[in-house]
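> need a structure here:
(2 chains)
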Amino acid sequence: MTISSLLETPSELTDAVSSKTAIVLMTRIRLARNLAGFSFPGWAKAPQREEILAKCRGAVASTVPMKRCFNVAIGELSELERQVLVERHLISRELSGAKGGAGVIISKDQSFSVMLNEEDHLRIQVLRAGFNLKKAWNSINDLDSALEDHLDFAFSPTLGYLTACPTNLGTGMRASAMMHLPALVISSQMEKVVRAVNQLGMVVRGLFGEGSDASGSIFQISNQTTLGESEEEILKRLGSVLQSIVEHEVNARAKLLEADARKLFDKIGRAYGILQNSHLLSSSEAMNLLSLIRLGVDLGAFADGNRAVVDRLFIEAQPGHLQYAQKGEFEPGQRDTLRAQRLRAEFANFPRPDFTFNDPEKN
Amino acid sequence: MANPLKCDLCSKPATVHLTQIVNNKVHKVDLCEACAQAKGVTDPSGFSLADLLLKASLNPEPAAAGVRCEQCGFTQNDFKKLGRFGCPACYDTFRGVLEPMLENMHSGTQHSGKVPTRALERKSLYDRLTKLELDLSEAIKSERYEDAARTRDEINQVKQAFNQQPAR
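Residues are numbered from 1 along each chain as shown, chains lettered A, B, ... in the order given. All right, here's what the predicted structure looks like:
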């Protein structure tokens, strides 16, 4: 499979149509695995990295979910292609900057990806639209078990799966949810939420993980610890934290409407106007405007089906995707023009917001 | 092509080669650029090869600091620098340093999650087979033919079990 056919195939992330994705956009689980008897990627010498890569590529490609997969060494991808995969959350920034002996295998529907020789020999990832920890765990657990038939994983009965960094030791599992929390941001409650979530042993990050900002009011919440609890226990704990964040966001939305609905409608209406008419849009401004449209969909100002459009644009307004679509590289200034152009076109036929849902009689 | 010399401290390719004669004895040291810098070798004003040799070989410091992973050559200093280990065996080598860290880092220190059962079964069968094959050749060497026959039967049984495992 080539990268262009991969990106043109409908994917879990860009084409999910479900009202279940309202606040939790997607659920992700990754497992860190290493081969027994080999140095970890950061310490292995070049020939050994190549040996590990070849071994794992063969094993991963032979599993059922990876039938007709996209299977490349990182060196075979252009910088822009790598950036597109980062923006789709299919590879990490670290892998995209890898020099040699690294690779990635991505399933046809982009729900599975396995990074090879990132920080660990294998980083197995599954991505599901909406709030779906259980389904995500079941499918990644199956893939992991299938790989066991071909690869001897480094494992200790007391410490569990052995990973390059001791912070991933044990289950090697990091589960996360990407959440859209505009009302908590507008009402300045995020700081409080982050603190509470940290106290519960979970971590909050921006859209693209460590160190990224939370433009578009999108946050990633994941478990911090990997040793001492089973996968199911960790997922249960994370699930209940996510559930309570969802409730806080729902409450915050209700409060915003109650306190001054006009203020909120004004924000949404202006966002709509700018998206239809602007000629220069930075990535983070675009994200914030799209976030307001998405909030509008959730509230009922736009038809439900438009949420999928916004979610696709969240991805396609990213610098890599914009340039990839234009088949060329552009300076940030030119990109802002391209982005505005793209969004003007998308929003030309986007129905106007209808705020009558907030009629006092209906409430 | 000849193997390039490796750094005596970290096993990266060595680019700095030093010879010193101390007390009528010749000492040679090969270092990579980073280690040479770190040890002050490139500093012309003060550098003692003897110190370096002492540290590299005799290790005057108490136990842990000089420990090196037998499998991959990783040292505790590497861990301090990188925050990651060199290979799975490092977890055994550096157990002493690791254990107190884990208590702060995780919610427990004992794994209670998934176990790669099939891979572990495969490994135990493989280990058993290796041991039996050794037994067999020893039995033959010392002409204990009854033992040899019994061991061969056992080997066949293990091989059969091995073949029932999924293909590798």
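> Low-confidence bits of chain B, can you list those?
B:1-4, B:18-27, B:38-65, B:164-168 (pLDDT under 70).
> can you tell me which residues contact the residue nearest to the spatial centre of it?
Centroid-nearest residue in chain B, with CA atoms, centre = their mean: residue B:71, separated by 1.5 Å. Contact partners of residue B:71, counting by CB atoms under 8 Å, 6 or more residues apart in numbering or on different chains, are A:39, B:86-90, B:93. (C-beta placed from N, C-alpha, C; glycine too.)
> For it, pull up the helix or strand it's in.
For residue B:71, there is no helix or strand it lies in under DSSP states H and E.
> do you know how far it is from residue A:50?
19 Å (CB to CB, to the nearest Å).
> on that earlier part again, neighbour-wise, give me the winner out of the contacts of residue B:71.
Counting neighbours by other CB atoms under 10 Å in any protein chain shown, residue B:90 comes out on top of the contacts of residue B:71 with 30 neighbours.
> So it is in contact with residue B:74, correct?
Yes: with contact defined as CB atoms under 8 Å, residue B:90 reaches residue B:74; the gap is 5.3 Å.
> Near the closest residue to chain B within the stretch 151-300 of chain A, how many other residues are there?
With CB to the nearest CB as the measure, residue A:228 is the residue of the stretch 151-300 of chain A nearest to chain B, at 2.0 Å. Applying other CB under 10 Å, we find 22 residues neighbouring residue A:228.
> what's the single longest strand in chain A?
Longest strand in chain A by number of residues (criterion: DSSP state E): strand A:24-33.
> Centre of the chain to it, how far?
8 Å (CA atoms, centre = their mean, to the nearest Å).
> Stretch A:29-36 and chain B, are they touching?
Yes: remark: stretch A:29-36 sits within contact range of chain B at A:34, A:36, by CB under 8 Å from any CB of the partner chain.
> what is the rounded mean pLDDT of that stretch?
For stretch A:29-36, mean pLDDT rounds to 97.
> quick one: residue B:79 from chain A, how far?
Residue B:79 is 9 Å from chain A, where distance means CB to the nearest CB, to the nearest Å.
> Please give the element, helix or strand, for that residue.
Element membership for residue B:79, per DSSP H and E: helix B:76-82.
> Which strands and helices lie in contact with the helix or strand bottoming out on mean pLDDT in chain A?
When the helices and strands of chain A are scored by mean pLDDT, DSSP states H and E, helix A:3-8 comes last with a mean of 81. Counting contacts by 3 or more CB pairs under 8 Å, 6 or more residues apart in numbering or on different chains; DSSP states H and E, helix A:3-8 packs against strand A:70-73, helix A:79-87.
> Just after the longest helix that chain A contains, pick out the following helix or strand.
For chain A, the longest helix by residue count, based on DSSP state H, is helix A:231-277. Per DSSP H and E, the first helix or strand lying C-terminal to helix A:231-277 is helix A:283-299.
> roughly how far is the next helix-or-strand element following that following helix from the heart of the chain?
Once the chain leaves helix A:283-299, the next helix or strand it forms, by DSSP H and E, is helix A:306-316. Relative to its chain's centre, helix A:306-316 lies at 13 Å (CA atoms, centre = their mean).
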